[in-house]
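Peer 1: Below are the sequence and a predicted model for it; my questions follow.
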Amino acid sequence: MPKWDCGPGKVKVAVLGAAGYVRQAVRAPGGERDDLLLSVKTVVAAMIAWMLTRQFLPPAVATFAPFTAMVTLQATLYRSLRDCVQYLVAISVGATLAATLAAVAGIHGWTFGLLTLVALWLGRVKRLGQHGTQVAVVGFFAFSSGAGRIGYIGHLAASVVIGALCGLVAHLALVPARHTRHRQEAAADLFTGMSRRVDSLADAFDGETPGRDQVRQWRQAWLSASGDCEALHRSIEAEEENGLLNPRQSVGGAAEALSRARDAVTVAQQCLDHLRSITRTLDYAIDSQELEKLPASFRSGLGALLRTVATAMEEMGRTSLTDPGRLSELIDEAADELDITQQGLLSGPQPQRAAPTLQGTLLTDAARLLAELRSDRPALRLR
């Protein structure tokens, strides 16, 4: 038999974790508070729905009310209404199917099998979403417990309606908060962190040769930032959905602000691919000792280019509206530095052409990085 680890230490860690989660939810708005409020609303709505059905309807259908309240209470109003409609349609189809078969063919083993077959087929309709299985579930209840009787099905429908109303009332009584500003700040923090690390990366070329530990930290930072981009994309999409049908006011131009933030995160994600490539090349150059062979003029030119890129990223990461003129100047300045460095590689004296493959690889990655920053710049004007 499996051994369950339920020692005091595990319990203490779980309790402390739950307490910390609640403290964070109370302290500041965010995902923790949203989850806590949704849990509270779900408990209250399910409890009231169960009490009402127990008071006015037969006990056999009382379970459907709290379950419907739970289905109705989703993270956003739009998703709640969508899931509620899908669930009600699935239940209606299942109950109608069970009543029809019971009235026409009677209660038999083969009719139950036919009910199962048809319910599974109808449950695959895409418009029912994840609630397609409820066609069969409700059909089983109506066919077995209710024997297809109209009275039972009527009570079942009333129980479902009570649950749906309790869930919607609870949702509307405390509407989910809007987090447009938080998503903008998260996008800005992403660019600020990238800017700081790119500036540090510039020192690796224009200053002393970094150690392997420092290079590993950069590579880990780019990997972590890529994960942050994915998470931020999902949170922006969730906030866009949260804005649908939400009566709470948000910042002016919330839809445009979220669209800009989403596009900005996309550009940041693409930039990270090239930054990872530059860091991999730097790691190779340190291991092969080719970094020391690079001409001082090339290293200083590449370092200056990366510093300008870091400044441009910092400009993009402002929570206020980005100055397009300033951003254009920075990117053009970086492009000029790239051209000067490339010309030095092609036309300079023989000592400046040392490690040409390494120089060409680094310049190619830098050119691609600039191309990503230059593309769709209006989308990077975060407010």
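Peer 2: That came through fine.
Peer 1: how about the helices of the chain, start to end?
Peer 2: 8-27, 31-56, 64-72, 77-104, 109-122, 134-140, 150-173, 180-206, 212-243, 254-287, 296-316, 324-347, 356-374 (DSSP state H).
Peer 1: hang on, residue 334 packs against residue 312?
Peer 2: Yes - under the criterion of CB atoms under 8 Å, residue 334 makes contact with residue 312 at 6.7 Å. Quick note: C-beta positions are derived from backbone N, CA and C, even for glycine.
Peer 1: Show me which of these two is the more surrounded one.
Peer 2: Set side by side, residue 334 and residue 312 show more neighbours around residue 312, with 28 against 24, by other CB atoms under 10 Å.
Peer 1: Let me know the distance separating that one from residue 326.
Peer 2: With the distance defined as CB to CB, to the nearest Å, residue 312 ends up 9 Å from residue 326.
Peer 1: between the two, what contacts are shared?
Peer 2: Shared contacts of residue 312 and residue 326, defined by CB atoms under 8 Å, 6 or more residues apart in numbering, are absent.
Peer 1: got the contact list for residue 282?
Peer 2: Counted by CB under 8 Å, 6+ apart, residue 282 has contacts 201, 204, 205, 210, 215, 291.
Peer 1: quick one: which of these has the most company?
Peer 2: That'd be residue 201 among the contacts of residue 282, by other CB under 10 Å, with 26 neighbours.
Peer 1: who touches that one in this structure?
Peer 2: 218, 275, 278, 279, 282, 306.
Peer 1: Residue 188: which of these is nearest?
Peer 2: residue 275 (18.2 Å; CB to CB).
Peer 1: ok, so what distance separates the closest one from residue 365?
Peer 2: Separation of residue 275 from residue 365 (CB to CB): 8 Å.
Peer 1: Equivalent analysis for residue 81, please.
Peer 2: According to CB to CB, residue 81 and residue 365 sit 48 Å apart.
Peer 1: now swap in residue 359 and tell me
Peer 2: For residue 359 relative to residue 365 (CB to CB), the value is 11 Å.
Peer 1: same deal with residue 281?
Peer 2: According to CB to CB, residue 281 and residue 365 sit 7 Å apart.
Peer 1: Check residue 90 too.
Peer 2: Using CB to CB, residue 90 is found at 53 Å from residue 365.
Peer 1: More neighbours: which of these two?
Peer 2: Shown here are residue 90 and residue 365; by other CB under 10 Å, residue 90 has more neighbours (27 against 20).
Peer 1: now the stretch 1-150 of the chain, which segments are flagged as low pLDDT?
Peer 2: Low-confidence segments of the stretch 1-150 of the chain (pLDDT under 70): 1-31, 148.
Peer 1: any weak-confidence spans in the stretch 251-383 of the chain?
Peer 2: Low-confidence segments of the stretch 251-383 of the chain (pLDDT under 70): 251-253, 319-322, 345-354, 376-383.
Peer 1: okay, now residue 45: neighbour count?
Peer 2: Burial of residue 45 is recorded as 27 neighbouring residues (other CB under 10 Å).
Peer 1: quick one: contacts for residue 284?
Peer 2: Here residue 284 is in contact with residue 290 (CB under 8 Å, 6+ apart).
Peer 1: Noted, bye for now.
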